[in-house]
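A.B. asks: A structural model of the following input is requested.
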Amino acid sequence: MKKITYFVLLLGLFVNMSCDKCLEGDRATPASFFVNVIGNYSLQNVFENETFLPTQISVVDSEGEAIPFRFISHSNLIQVFPDTRNLTNNSLMITLSNEESSAFSEISITHDVSEKVEECYTTYTIENIQTPQQTSEVVDGIYVIKI
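C.D. replies: Below is the predicted model of the structure:
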């Protein structure tokens, strides 16, 4: 009887320990990338020089569905959170539209998604980001796009 009791206690301890590996706060961060939009001639950030305001940004996918994004005011960057359901051939459009000055720019972006399956969650990373109509480069992990 003692052996069975010890076995049940050890089994309960093992099951309890394996459940603690995935804590509630232990989640993957959403996949995203950062965009710095600069003027083609001035090379200044278009939000810093007030060509566009943060309220004049929209981001949509190829089907016209809104893509979540966040404007980071202290650095004048756009953080885009694209959908991660398709791993390849994804596209989205960032539109900047200032009706007062008639300034308008569309930035077409294509990208792929890689996934890494972990024990508690799957991590997605946005990669192979391209801007077919604009010149762009990556500086410290931020995509600098000239419009």
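
A.B. asks: show me where pLDDT drops low in the protein?
C.D. replies: 1-21, 23-26 (pLDDT under 70).

A.B. asks: Check it for its longest strand and report it.
C.D. replies: In terms of residue count, the longest strand belonging to the chain (DSSP state E) is strand 103-117.

A.B. asks: Quick one: distance of that strand to the chain centre.
C.D. replies: Taking Cα atoms, centre = their mean, to the nearest Å, one finds strand 103-117 lying 9 Å from the centre of the chain it belongs to.

A.B. asks: go on, stretch 35-50?
C.D. replies: Here stretch 35-50 is found 21 Å from its chain centre; the criterion is Cα atoms, centre = their mean.

A.B. asks: Report the backbone C-alpha coordinates of it in PDB.
C.D. replies: Provided in PDB are the C-alpha atoms of stretch 35-50 (Å, rounded to 0.1, in the frame of the first residue of the first chain):
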ATOM      1  CA  VAL A  35       8.700  51.600 -40.400                       C
ATOM      2  CA  ASN A  36      10.400  55.000 -40.500                       C
ATOM      3  CA  VAL A  37       9.000  57.100 -43.400                       C
ATOM      4  CA  ILE A  38      11.200  59.800 -44.800                       C
ATOM      5  CA  GLY A  39      11.000  62.300 -47.600                       C
ATOM      6  CA  ASN A  40      12.800  61.300 -50.800                       C
ATOM      7  CA  TYR A  41      14.500  64.700 -51.100                       C
ATOM      8  CA  SER A  42      14.600  66.100 -47.600                       C
ATOM      9  CA  LEU A  43      15.500  62.800 -46.000                       C
ATOM     10  CA  GLN A  44      13.500  64.000 -42.900                       C
ATOM     11  CA  ASN A  45      10.900  61.900 -41.100                       C
ATOM     12  CA  VAL A  46       7.500  62.900 -42.600                       C
ATOM     13  CA  PHE A  47       5.900  63.000 -39.200                       C
ATOM     14  CA  GLU A  48       8.700  65.100 -37.600                       C
ATOM     15  CA  ASN A  49       8.400  67.700 -40.300                       C
ATOM     16  CA  GLU A  50       4.600  67.500 -40.100                       C
END
